[in-house]
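S.K.: Sequence plus predicted model, see below.
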Amino acid sequence: MRTKDISYWLFLAPVLIALFLVVVVPMLLGVYYSFTSWNGIVTGDFVGLQNYINLFKDERFMDALWFTTKFSVVSVILINVIGLSLALLVTSYLKTSKLLRTIFFMPNLIGGLILGFIWQFIFIKVFAGVGEMIGMESLQGWLSTTETGFWGLVILMSWQMAGYIMVIYIAYLEGMPKELLEASEIDGASTVQRFRYIVFPLVAPGFTVSMFLTLSNAFKLYDQNLSLTGGGPFNSTEMVAMEIFKTAFTQNDFAFAQAKAVVFFIIVAIIALLQVYFNKRKEVEM
Amino acid sequence: MRKKRNYKLEILGIFLALIWLAPFYLMLVNSFKSKREIFTNTISLPETWNLDNYIEAFQELDFLRTLFNSLLITVSSVVLIIIFSAMAAYALSRVKSKISTVLFFTFVAAMLIPFQSVMIPLVTVFGRFEMLNQGGLIFMYIGFGASLSIFLYHGALNNIPKSLDEAATIDGANRFQVFWFIIFPILKPITVTVAILNIIWIWNDYLLPSLVINTPGSETIPLKMFFFFGEYTKQWHLAMAGLTLAIVPVIIFYFFAQRSIIKGVSDGAVK
């Protein structure tokens, strides 16, 4: 098969057409629309950078961006710490190891929307009930303030994604040569030393993958945000994805929403490229 | 060298597992309680294992139809993604040329684009051509799902020697026969991974179907979940039964394909 053979193009045609119509065309159109006053029906006038200038003055968008950033930083740290701990736990010689993996991973199979609804029930009804029972005032009124909404999202996301990240770390831990660990043990290295000087450097490539995955997942979060807090109270727990959606489909400000969507794309792309670049340099050559 | 089991860690593990399962426990026990009982007690087992909530939720969700819609969309999209991405990856891996490199890079780059960045023009364009229906949705899933699937297939194909193709060609097989009868069967492990990753994603997807097929009768399971969560009233007792119903198919799938699922997800992320 060569590039000029018809079979080459026949093999590629279906996905090329789909990718072109579903991703490439909308992306290019989107960038173009972001420079106009498009309202979904009429393209409108060319307004240059006006949408982009307005966007930095749009308090609601900037708030959402800040909230998303805070949420992503906290979640990435928590998910990776919990995920790695779970991975270390289930790879130490436990009778229940298989069962534990199955349980920790389970939330990942269920949609974020459904998980968000389950946790909404827990935070609102169960927390309040338990709070009353043991007399803890701080368990009342969860999700009704910005702060409890924030931690609600963090808890939900950590519970869901830790098991996913655990699976990734397990892959690296199990690929680790056993002789190295045994040799270090014979040489008298302590558990902490072994983790610091042997396990950690060998699992380092796993960090690339895990950090990248959690960061981009956290930054793009939508379903859980929608079903857990819906952005409330007073839009204070609204994340970027939801803010873009509301600008477009609630306020019908299509061009403005599209400018935000382009900024969103640039941020997500930069995160992805930076992360890969920085972590590549830290990896251990094996 | 055999290690002794560590009982402290064992207990810690079981304790954590119980915490992880707690949300499912709470959902399940409350799905049997009446509205009044949920109000007074959310933690204990229900007074009676009453199925009324399930019967009502089952009807309100039009559950069999909704389940069928979800199955239809997921199965058709995943089958088409597998066929088309495997073919495309085959062409890209067998023809080493500038065009192949550029196309492969385009597919990988497309993975960086978040859905929200193309969402608005996508819906407007497809709306204009009357393509906001189940067929349009499946087509969109092919567009969004192809990148990762091609990437995974491409990696696997590079490990299959070209001499295999050549041998089959000498025996008189054409391009399509070589691919379908010789190469595609060898790709089975990676096909399982591709299938699992796409099933999980499409089955649970909410935003795209909400924009494309949110009309009575064609909703998938995630779209129906809002039914019990009104703006001002929440019917917790029905919601818990409805959510449990929605989760059951996933749990059954997990139970039977557990090993492949965990392996697939891990391979998909690591590669």
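M.R.: Now that the structure is in, tell me what you want to look at. Numbering: from 1, shown residues only, chains lettered A, B, ... in the order given.

S.K.: In the stretch 51-200 of chain B, which residue sits closest to chain A?
M.R.: B:G143 (2.7 Å; Cβ to the nearest Cβ). Quick note: C-beta positions are derived from backbone N, CA and C, even for glycine.

S.K.: which residue is nearest the centroid of chain A?
M.R.: Nearest residue to the geometric centre of chain A (Cα atoms, centre = their mean): A:N217, 1.5 Å.

S.K.: Okay, that one and chain B: tell me how far apart.
M.R.: Here A:N217 is placed at a distance of 11 Å from chain B (Cβ to the nearest Cβ, to the nearest Å).

S.K.: picking up where we left off before, on the three-state scheme, the residue of the stretch 51-200 of chain B closest to chain A is what?
M.R.: Following DSSP: H, G, I helix; E, B strand; the rest coil, we place B:G143 in the helix state.

S.K.: For it, which non-adjacent residue is closest in space?
M.R.: Once flanking residues are discounted, B:G143 sits nearest to A:V22: 2.7 Å by Cβ to Cβ, 6 or more residues apart in numbering or on different chains.

S.K.: what's the neighbour count on residue 148?
M.R.: In the absence of a named chain, chain A is used. Using other Cβ atoms under 10 Å in any protein chain shown, A:T148 is surrounded by 21 other residues.

S.K.: that's the wrong chain, I meant chain B
M.R.: The local packing of B:L148 (other Cβ under 10 Å) involves 21 other residues.

S.K.: Low-confidence ranges, chain B, go.
M.R.: Scanning chain B for pLDDT under 70 picks out B:1-5, B:231-232, B:270-271.

S.K.: Give me the most central residue, it.
M.R.: In chain B, the centroid-proximal residue (Cα atoms, centre = their mean) is B:I200; its distance is 1.8 Å.

S.K.: Spit out the contact partners of that residue.
M.R.: By Cβ atoms under 8 Å, 6 or more residues apart in numbering or on different chains, the contact set of B:I200 is A:N108, A:L109, B:I261, B:V265.

S.K.: got CSV for the residues you listed, with secondary structure too?
M.R.: Conversion of the contacts of B:I200 to CSV gives the following (three-state DSSP):
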residue, secondary structure
A:N108, helix
A:L109, helix
B:I261, helix
B:V265, helix
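
S.K.: filter those residues to the buried ones?
M.R.: Among the contacts of B:I200, the ones that count as buried by 16 or more other Cβ atoms under 10 Å in any protein chain shown are A:N108, A:L109, B:I261, B:V265.

S.K.: and the residue nearest to the last one when sequence neighbours are not counted, how many neighbours does it have?
M.R.: This means B:V265. Distance criterion Cβ to Cβ, 6+ apart; nearest residue to B:V265, sequence neighbours excluded, is A:V167 at 5.9 Å. If you count neighbours by other Cβ under 10 Å, A:V167 ends up with 26.

S.K.: cool, and B:V108?
M.R.: For B:V108, using other Cβ under 10 Å, the count is 14.

S.K.: which one of the buried ones among the contacts of B:I200 is nearest A:F61?
M.R.: The shortest gap between A:F61 and any of the buried ones among the contacts of B:I200 belongs to A:N108, at 30.2 Å (Cβ to Cβ).
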